[in-house]
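1. Predicted model and sequence below, questions to follow.
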Amino acid sequence: MSKIVVVGASGLVGRTIVSILEERHFPVEELKLLASSRSAGTSLSFRGQELTIEPVCESFFQGYDL
């Protein structure tokens, strides 16, 4: 299982990555969604859960695999 951070999650590429992770049943232990402060607070659905997009911060990358 992997801990994954998607930067730019509110954009087309970020949403596509999240969608592919779900479609291919990629083994995700934890998924963190990051984007600009403009998009922070919005959410995306992943495996039946609504995940809130957070603003990009360097400390969010610690402890993640991808």
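-> Perfect, I can see it now.
2. which strand in the chain runs the most residues?
-> Determined from DSSP state E, the single longest strand within the chain is strand 28-35.
3. Give me the buried stretch members for the helix or strand following it, please.
-> Tracing the chain past strand 28-35, the next element assigned as helix or strand by DSSP states H and E is strand 43-46. Neighbour counts over strand 43-46 (16 or more other Cβ atoms under 10 Å) mark 44, 46 as buried. In short, each C-beta sits where N, CA and C put it, glycine included.
4. and strand 43-46, which strands flank it?
-> strand 49-52 (antiparallel) (DSSP bridges).
5. Quick one: neighbours of the residue nearest to residue 61 when sequence neighbours are not counted, just the number.
-> Of all residues beyond its chain neighbours, the one nearest residue 61 is residue 5 (6.0 Å), with distances taken as Cβ to Cβ, 6 or more residues apart in numbering. Neighbourhood size, residue 5 [other Cβ atoms under 10 Å]: 19.
6. any idea of the pLDDT on residue 5?
-> Residue 5 carries a pLDDT value of 95.
7. now do residue 1
-> In this model, residue 1 carries a pLDDT of 84.
8. Please list all residues in contact with the nearest residue to it once chain neighbours are set aside.
-> Nearest non-adjacent residue to residue 1, counting by Cβ to Cβ, 6+ apart: residue 29, 3.6 Å away. Counting by Cβ atoms under 8 Å, 6 or more residues apart in numbering, residue 29 touches 1, 2, 3.
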